[in-house]
Structures are given as structure tokens and as C-alpha cells.
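J.: Give me a 3D structure for the following:
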Amino acid sequence: MIKILVLGPAWVGDMVMAQSLFKAVLECSSSKVLIDVLAPSYTLPLLQRMPEIHEALAMPSIQHGKLALGKRYKAG
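T.: Residues are numbered from 1 along each chain as shown. Next up, the predicted model:
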């Protein structure tokens, strides 16, 4: 089994487009794959409706334009 953690995009439209990536990953894999997505809380309802996603996780609030690498690392 392969587990993948994706840091999801901040925009709803980009998240919709990311679904094609999630589908492609599942289709190209020869083994069982679980895709988890760490994303802004307002995109979680969208992710929860995507059958390709195993778990949608809320990303901690980070100011736009800030890297906040330590916060992101802990969340991951």
C-alpha cells in the first residue's frame, strides 16, 4: 500500500482541477494507493465529495504569502 499526502491548493477552482491529478495517480498505480490532502478548511467539503480522496485534513491557518515551513511540517 502506498500512502500519499498532497498539500492542496488554496483556491477552490484549483482544487477542482486537482481532481484529475488524483484520478490519474489512482489509474496509473499498480498497487493500492491512499491519497490524503492537507488543504484550507473551506475546501474540505469539496474534497470530501471526491471518491479518490481517502482523508481531507484541515491545514492550519497561515497568512497568505508566508512560507511558515515549521507550521506546515508539523501539520504534515
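J.: secondary structure class for the residue of the chain positioned farthest from its centre?
T.: Most distant from the centre of the chain: residue 30, at 21.0 Å, with distances by Cα atoms, centre = their mean. Classification of residue 30 using DSSP: H, G, I helix; E, B strand; the rest coil returns coil.
J.: For it, what are phi and psi?
T.: Residue 30 adopts backbone torsions of phi -90, psi -10, taken as degrees, to the nearest 10.
J.: same thing with residue 74?
T.: Per degrees, to the nearest 10, the backbone of residue 74 is at phi -60, psi -40.
J.: per-residue pLDDT, it?
T.: pLDDT for residue 74: 79.
J.: With residue 47 instead?
T.: Reported pLDDT for residue 47: 96.
J.: Offset the numbering so it begins at 13, please.
T.: Will do, 13 is the new start, and the previous item becomes residue 59.
J.: helix/strand/coil for it?
T.: Residue 59 - assigned by three-state DSSP - is helix.
J.: For burial, what's the neighbour tally of it?
T.: When counting by other Cβ atoms under 10 Å, one arrives at 22 neighbours for residue 59. The way it works is simple: take the backbone N, C-alpha and C, and place the C-beta from them, glycine included.
J.: Now do the contacts for it.
T.: 20, 27, 49, 51, 65, 68 (Cβ atoms under 8 Å, 6 or more residues apart in numbering).
J.: Now stretch 33-47: buried residues?
T.: 34, 45, 47 (16 or more other Cβ atoms under 10 Å).
J.: Skipping its backbone neighbours, what lies nearest the second one in space?
T.: So that's residue 45. residue 14 (4.8 Å; Cβ to Cβ, 6 or more residues apart in numbering).
J.: residues touching the one you found, list them.
T.: Applying Cβ under 8 Å, 6+ apart to residue 14 gives the contacts 41, 43, 44, 45, 46.
J.: for the protein, what spans make up the strands?
T.: With DSSP state E as the criterion, the chain has strands at 14-19, 45-51, 65-70.
J.: Report the rounded mean pLDDT for the last one.
T.: Meaning strand 65-70. In the prediction, strand 65-70 has an average pLDDT of 95.
J.: Please apply the same query to the longest one.
T.: Confidence for strand 45-51, expressed as mean pLDDT, is 95.
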